[in-house]
Structure formats: C-alpha cells, structure tokens
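Asks: Could you work out the structure for the sequence below:
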Amino acid sequence: MTKDEFLKDINPWGSHRALLWTALESTTDSPFPVVELGCGDNSTPQLTKYCKDTQRILFSYDSNKEWADKFDTDYVKDWEKHPLWLSKYSVCLLDLAPGEYRKVALMKIEADIIVLHDSEIPGWNASDYKVRPLFRNFKFYKDDVPKEKGQPWTTALSNTVDVTKWNV
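Replies: Model (predicted):
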C-alpha cells in the first residue's frame, strides 16, 4: 500500500491516518505486531491492507459488537480483563470506546509508538477524555492539530522513537 492510498479520502474521523502512516513507516524493523484498539471505516481497512502488504501482524479489537463483526475483528466485552495488555506492540492505534477508558489504556498498553485519536485540549470540542496530563509519562509526543476548531486532534507518543522530528 502506498502512502497516497493510505491517506486517500481522509475526513475528520480519519484525521489520525497521517500520524499512523508515519508511525508504521518508522517501525518497519520492529518484530512486534501492530494493534488497533477501536475499529472503524477510517482505520481498519487501511491497517489491514498495509499490514498484509508489508507482512506485518495486525490485531484489531473493538468493544462494539457491530463494529467487530463488520470488520471480522476481535470483540472485547471488557477491556480491563482482555489479555491484549500482556503483549508488546510496535504501533498501537488507540481509538477505543468508551473514550473515557483511553486514559487507562494509554498507561496500560506497551508499544513503541502510540497513535492516540481524540487527544485535543479541553475546550477544543465536545470531547475531553482527560488524556493530556498523561503525556508527561512519555519522553516524546507530537500533536497533529486540524485547522478547523471542533475537529479531533491526534497525538503520537513514544518513549523510544523521537516523534517530535516527524514532518506530518
């Protein structure tokens, strides 16, 4: 999959794809799989094709049965009790529901790079998942801020990859 294909037809719900592409390309030598926490039209098809084309392992999970069934991914009844937290990943797309659980997941997941969707500052839009205070636990982070207020931000976080140098 090319970068143009991966980034094609991005809408506000797919604003995470630019950072996600860069995270994937920055971890091509990693022996660890890619994980998607929260499936959707703007990530699952792109991640599935990318990982298939590059022969990387992808695990996708969703706590909404309809979304899990739609993409034939793993349904998670209870995020807290799921064994996915026991593994390490190269890249984690963190876009799960309920959104309030993202702050817990952000601290539980072990990944070289976490791409966190809906990471905007309080007051930017209706959602505030209170994730930004946790960024201090990471050595590096980079925000991708949309031009229009009210659209979701995405943040890449890492303790091993200097994401601040990315030109996205």
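
Asks: For the protein, which segments count as helices?
Replies: For the chain, the helices defined by DSSP state H cover 3-7, 17-26, 44-54, 65-70, 102-108.

Asks: Who are the contact partners of the nearest residue to Phe135 once chain neighbours are set aside?
Replies: Once flanking residues are discounted, Phe135 sits nearest to Tyr141: 5.0 Å by C-beta to C-beta, 6 or more residues apart in numbering. For every residue, glycine as well, the C-beta is placed using N, CA and C. Tyr141 makes contact with Phe135, Thr155, Ala156, Leu157, Ser158, Val163, Thr164, according to C-beta atoms under 8 Å, 6 or more residues apart in numbering.

Asks: could you flag which of those residues are buried?
Replies: Thr155, Ala156, Leu157, Ser158, Val163 (16 or more other C-beta atoms under 10 Å).

Asks: from those residues, which is closest to Pro31?
Replies: Set against Pro31, the nearest of the buried ones among the contacts of Tyr141 by C-beta to C-beta is Ser158 (16.7 Å).

Asks: Show me what the residue nearest to Phe135 bridges to in the sheet.
Replies: Leu157 (DSSP bridges).

Asks: Distance of it relative to Leu96?
Replies: Counting by C-beta to C-beta, to the nearest Å, the separation of Tyr141 from Leu96 is 19 Å.

Asks: and if you look at Asn11?
Replies: 20 Å.

Asks: So for Gly123, what's the pLDDT?
Replies: Listed pLDDT for Gly123 reads 62.

Asks: try Glu148
Replies: pLDDT, Glu148: 80.

Asks: Give me the neighbour count for it.
Replies: Residues lying near Glu148 (other C-beta atoms under 10 Å) number 6.

Asks: What of Pro33?
Replies: Using other C-beta under 10 Å, Pro33 has 17 neighbouring residues.

Asks: quick one: contacts for it?
Replies: Contacts of Pro33 were listed using C-beta under 8 Å, 6+ apart, and they are Arg56, Ile57, Leu58, Phe59, Ser87, Tyr89, Ser90.

Asks: Go through the helices of the chain and name the closest to Trp79.
Replies: It's helix 102-108; of the helices of the chain, that one is closest to Trp79 (C-beta to C-beta) at 6.8 Å.

Asks: Report the mean per-residue pLDDT for the closest one.
Replies: pLDDT averaged over helix 102-108 gives 95.
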